[in-house]
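Enquirer: next comes the sequence, and after it the predicted model I'd like to discuss.
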Amino acid sequence: MKVLVIGGGAREHALCRSLSLDPQVTALHCAPGNAGIAEVAELHPVDMLDGAAVARLAAEVGAGLVVVGPEAPLVAGVADAVRAAGIPCFGPSKEAAELEGSKAFAKDVMAAANVPTARSYVCTTPEQIDDALDAFGTPYVVKDDGLAAGKGVVVTADLAVARAHALACERVVIEEFLDGPEVSLFAITDGRTVLPLQPAQDFKRALDNDEGPNTGGMGAYSPLPWADPKLVDEVLETVLQPTVDELRRRGTPFSGLLYAGLAITGRGVRVIEFNARFGDPETQVVLARLRTPLAAVLLAAAEGALADLPPLTWRDDAAVTVVVASHNYPDTPRTGDPIGGLAEIAAHDAPHAYVLHAGTRRDDGGTVVSAGGRVLSVTATGEDLTQARERAYTALHRITLPGSQHRTDIARDAAKA
Ligand code: AMP
Ligand code: GLY
């Protein structure tokens, strides 16, 4: 099978890595990709948001499966354009991707499907904003309705900060604060059958001990030794299956990857958000643990045949990934800095630890340089979280990137548990 992956982050590198190890995959293409993906896939330039261009590229390379990684092309309808060209595509339609594209839409679907989530108000005027902030009190949770690359959410005890963020959004969701650890649970679905993956935990704040601003995610680990073993079954029954059923009932079935961001509160599991694609950086650790070859699973989802697949199988290993971000991320990041240490990691730490590239490119001299906010994620597996974490940080310390930052506490507390 020839596969084309759309995107160019560490998530797409993780997807391409798994696909490149799958004997069923005879050719692997990625557009636009990055300097790391170039080592496992043939890269093509493309405007990711242009469905016609992506469909044309898929036909040109003879793809039997297209996998759309990021949310922006999904929300723009790129999966629809690929399917309209007769090529199987892993990724939801434009309409179903609104589950991520609009927080207000997601709230409406959850209400209809009786899925537990934070109580919320959708506000468009200053009066509504003040009423909602007043109703919930502190800490305030204020979410831009539209896509914001994980940075549209402000959680703060400061009323002035909450109010200013709300007023800056065209449409804003203000909601109840959910207290408790967060879990990311992904499910592959064809619109009817739902196949949950292993849960992971992401670290959203920029700095150690969950301080600093929200980011796209600074690290992740899996499994979660502290979680209830029944968690996955419970979330399948109360969240994932009802959501998939509701979207099918509305005539806009969701096929692809349904990402449930959950809070495990004292009163039970609540959905914080849905995403319509694999999470980044959680995918890096979830795929590191998946034993089942990936291509046939994604193709079965694209073709509505998931019910026919045997159950997924998983390694006993634990996995940890730590993101290295540019100077100044999550504000406007500095780019163009040279990245060193990649060859040393390949020489000393592989195969247990490896680098997945995000914002990287080769400059004219062939040097790999930073090209985005999150630059790369160092991923490692081990017998348990302690070993995976040691391997990840040992490898990470070989990376040189002027001004870069990373968290030092990824999976620290879970490894102690
Ligand atoms: P989201 O983009 O909706 O995932 O929000 C980003 C992050 O903000 C989440 O991972 C949480 O850490 C935090 N957050 C969002 N909604 C809530 C909430 N209702 N209560 C507490 N924290 C929240
Ligand atoms: N790690 C959070 C996300 O992918 O949205």
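Expert: Structure's in. What do you need? Residues are numbered from 1 along each chain as shown. Ligands and ions are numbered 1, 2, ... in the order given.
Enquirer: can you list the residues of this structure near ligand 2?
Expert: Taking C-beta under 6 Å from any ligand atom as the measure of proximity, the chain contacts ligand 2 at 150, 202, 216, 217, 275, 279, 280, 282. C-beta: built from backbone N, CA, C; applies to glycine.
Enquirer: ok now do the fifth one, which residues does it touch?
Expert: If I follow you right, that is residue 275. The contact partners of residue 275, taken as C-beta atoms under 8 Å, 6 or more residues apart in numbering, are 71, 99, 100, 259, 261.
Enquirer: widest-spaced pair of these?
Expert: Within the contacts of residue 275, two members stand farthest from each other by C-beta to C-beta: 71 and 261, at 13.0 Å.
Enquirer: quick one: which of the two has more around it?
Expert: residue 71 (21 against 18; other C-beta atoms under 10 Å).
Enquirer: hang on, residue 299 packs against residue 87?
Expert: No. The pair residue 299 and residue 87 does not pass the contact test of C-beta atoms under 8 Å, sitting 11.1 Å apart.
Enquirer: check which helix or strand the most centrally placed residue in the chain maps to.
Expert: Residue closest to the average C-alpha location in the chain (C-alpha atoms, centre = their mean): residue 279, at 1.1 Å. Assignment of secondary structure by DSSP states H and E places residue 279 within no helix or strand.
Enquirer: residues in contact with it?
Expert: Under the criterion of C-beta under 8 Å, 6+ apart, the contact list for residue 279 reads 11, 184, 186, 200, 202, 217, 220, 259, 261.
Enquirer: sorry, back to before: what residues are shared contacts of residue 299 and residue 87?
Expert: Each of 64, 65 lies in contact with both residue 299 and residue 87 under the rule C-beta under 8 Å, 6+ apart.
Enquirer: now do the strands in the stretch 301-417 of the chain.
Expert: Read by DSSP state E, counting those that start in this stretch, the stretch 301-417 of the chain holds these strands, from start to end of the chain: 318-325, 353-357, 360-362, 368-370, 374-382.
Enquirer: okay, the first one in PDB with CA atoms only?
Expert: C-alpha atoms of strand 318-325 as PDB (Å, rounded to 0.1, in the frame of the first residue of the first chain):
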ATOM      1  CA  ALA A 318       6.200   2.400  28.800                       C
ATOM      2  CA  ALA A 319       6.900   5.400  26.700                       C
ATOM      3  CA  VAL A 320       7.900   9.000  27.500                       C
ATOM      4  CA  THR A 321       8.300  12.000  25.100                       C
ATOM      5  CA  VAL A 322       9.800  15.400  26.000                       C
ATOM      6  CA  VAL A 323       9.400  18.400  23.700                       C
ATOM      7  CA  VAL A 324      12.200  20.700  22.900                       C
ATOM      8  CA  ALA A 325      10.800  24.200  22.100                       C
END
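Enquirer: shaky segments in the stretch 1-150 of the chain?
Expert: Scanning the stretch 1-150 of the chain for pLDDT under 70 picks out the ranges 148-150.
Enquirer: chain center to stretch 379-386, what's the gap?
Expert: Averaging C-alpha coordinates over stretch 379-386 and over its chain gives two centres that are 20 Å apart (C-alpha atoms, centre = their mean, to the nearest Å).
Enquirer: quick one: mean pLDDT for it?
Expert: Per-residue pLDDT over stretch 379-386 has a mean of 98.
Enquirer: got the end-to-end distance for that stretch?
Expert: In stretch 379-386, first residue to last residue: 13 Å (C-alpha to C-alpha, to the nearest Å).
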